[in-house]
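Visitor: okay, sequence plus prediction incoming.
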Amino acid sequence: MKALERADIESVLFGGHDSIVTQVRGYQNYDISDYKITAINNPSKKRPWTDTKIKSEFWKKIFDDLQPKSYADFGCNLGYYVFASTFSGVPSLGVDYNSEYIHICRAIKFRHNIQHANFIETTLASWQLSSCKYDLLTVFNVIHHLYNRTEQYLEMEPLITDFANKANKAILFEVPTEKDKKGHKWAMDTGYSEQLFVKTIERIFSKYVKIEGQTKERPYYLCTL
């Protein structure tokens, strides 16, 4: 599937053959070596909903509490959470439909010989057909795109069901609501809403917890099967 826009990458600085650290800047911001990954605050006020350092601290608390044996990040972007999970000793998978992100992530993986981080370029509709499931799945800021842009589900029930089919224990969603500028932009004139999302997860999951996000228009929902 052809990406609808170029990847949001500002720079990936490998630093030459003797450099031990790769510096990644863009939608995600971090430094990575063979043995360590360090989240970086957004260098500007751009993308207020996705400051990697702030989000990574929140993600780590969820991750440590659930102690998953396997992890996948759908819409993995530049791969921060996949690499962070792998450095915690958990085999991890990054999924994105944008080949630019996947190629960058694979280059970083091979540059630093990170064995148990893998990346695949595919859509949710295709990925959910595979039999592999993961203890923890994260879905950050892509629901509105899948609903009425990249895959055009146009219904919440099959969209959330396809994610639920890939999880053994829990899914952490970050949901751009209809009050979010991009949520509204990509889903206006459709039935997309936070209320519809909540009604759907109530039917599919045994329980859920709503958690404040980096912006009030993009809350988290931790859903347990």
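Guide: Perfect, thanks for sending it. Numbering: from 1, shown residues only.
Visitor: contacts for the helix or strand of the chain with the lowest mean pLDDT, please.
Guide: Among the helices and strands of the chain, helix 181-187 carries the lowest confidence by mean pLDDT, DSSP states H and E, at a mean of 81. The contact list for helix 181-187 (C-beta atoms under 8 Å, 6 or more residues apart in numbering) reads 144, 145, 147, 148, 149, 176, 177, 178, 192, 217, 218. In this view, the C-beta of every residue, glycine as well, is placed from N, C-alpha and C.
Visitor: helix or strand next in line after the lengthiest helix in the chain, which one?
Guide: For the chain, the longest helix by residue count, based on DSSP state H, is helix 52-66. Once the chain leaves helix 52-66, the next helix or strand it forms, by DSSP states H and E, is strand 71-74.
Visitor: which neighbours in the sheet does that following strand have, and how are they oriented?
Guide: Partners of strand 71-74 in the sheet, by DSSP bridges, are strand 92-96 (parallel), strand 134-140 (parallel).
Visitor: which elements pack onto the longest helix of the chain?
Guide: strand 37-39, helix 80-87, strand 134-140, strand 167-174 (3 or more C-beta pairs under 8 Å, 6 or more residues apart in numbering; DSSP states H and E).
Visitor: now the third one against helix 52-66, angle please.
Guide: Using axes from the mean of the first three to the mean of the last three C-alpha atoms, to 10 degrees, the interaxial angle of strand 134-140 with respect to helix 52-66 works out to 150 degrees.
Visitor: gap between strand 134-140 and the chain center?
Guide: 8 Å (C-alpha atoms, centre = their mean, to the nearest Å).
Visitor: now do stretch 209-217
Guide: With C-alpha atoms, centre = their mean as the basis, the mean position of stretch 209-217 lies at 15 Å from the chain mean.
Visitor: what does it contact?
Guide: 48-51, 54-55, 58, 174, 176-177, 179-181, 183, 219-222.
Visitor: please list only the buried members of the residues you listed.
Guide: The neighbour-count test (16 or more other C-beta atoms under 10 Å) marks 49-51, 55, 58, 174, 176-177, 180, 183, 219-222 as buried among the contacts of stretch 209-217.
Visitor: residue 222 versus the nearest residue to residue 219 once chain neighbours are set aside, what's the distance?
Guide: The shortest distance from residue 219 to any non-neighbouring residue, by C-beta to C-beta, 6 or more residues apart in numbering, is to residue 213 (4.6 Å). Applying C-beta to C-beta, to the nearest Å, the value for residue 213 to residue 222 is 12 Å.
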